[in-house]
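Participant: Provided below are the primary sequence and the corresponding predicted coordinates.
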Amino acid sequence: MATGVQAALGGLALFSLVACTPLYTNHGFVPDDNDLADIAAGVDTRDTVAAFLGRPSVEGLVGETQWFYVRSQWKTVGAKAPKEVDRQVLAITFDATGVVTNIERFGLDKGEIVAISRRVTTEPVKGRNVLSQIFGNIGRIDPATLLNQ
């Protein structure tokens, strides 16, 4: 009888440890620096970027002058609600002829948008308000709203 109780307590302790193990999930895609090494500002075009990296998850609001690759990492512990622990945005800007002019990577630091890396030929990415909207709205979508419930 004592061994059955000990086994049950041991199983409960093991279950408690496993339930508290954090689970990390990634949503979206941002190419790493190795993938970007072959893309040259002032040389590559929308077509070569699309062929090498794929189409972006978000495009600029005005025409196709900006492409945004977005990735969020979420941490879930036990029955607690998931918490976003990292978000990155890669912004690629094109000129009117479709040639890459800027490549910038943004992340979060203490809730603020910060530039992580930048390869600029002429000027920085325009429309930082678009980046602010992307960073501010990811994760605020209510699934019930999408399902009309």
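Facilitator: Everything's here; your move.
Participant: and residue 102, how many neighbours does it have?
Facilitator: Residues near residue 102, counting by other Cβ atoms under 10 Å, number 21. Every C-beta, even on glycine, is put in place using the N, C-alpha and C of the backbone.
Participant: wait, is it part of a strand?
Facilitator: Yes - under DSSP: H, G, I helix; E, B strand; the rest coil, residue 102 falls within a strand.
Participant: Pretty sure residue 39 is one of the things it touches, is it not?
Facilitator: No - with contacts counted by Cβ atoms under 8 Å, residue 102 stays clear of residue 39, the gap being 11.2 Å.
Participant: between these two, what contacts are shared?
Facilitator: Common contacts of residue 102 and residue 39 (Cβ atoms under 8 Å, 6 or more residues apart in numbering): residue 92.
Participant: what about this protein, any weak spots by pLDDT?
Facilitator: 1-2, 7-19, 60-64, 109-149 (pLDDT under 70).
Participant: ok, which stretches of it are strands?
Facilitator: 22-28, 58-59, 66-77, 83-94, 100-109, 112-120 (DSSP state E).
Participant: got CSV for those strands, with distance to residue 4 too?
Facilitator: Output for these, formatted as CSV (distance: least, Cβ to Cβ, whole Å):
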stretch, distance to residue 4
strand 22-28, 31
strand 58-59, 57
strand 66-77, 31
strand 83-94, 39
strand 100-109, 50
strand 112-120, 55
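Participant: What are the buried residues along stretch 79-99?
Facilitator: Within stretch 79-99, the residues scored as buried using 16 or more other Cβ atoms under 10 Å are 87, 88, 89, 90, 91, 92, 93, 94, 99.
Participant: Could you do stretch 21-37 as well?
Facilitator: Applying 16+ other Cβ under 10 Å to stretch 21-37 flags 28, 30, 31, 36 as buried.
Participant: if we can go back for a sec, nearest to residue 50, out of the strands of the chain?
Facilitator: Minimum separation from residue 50 across these (Cβ to Cβ) falls at strand 66-77, 8.7 Å.
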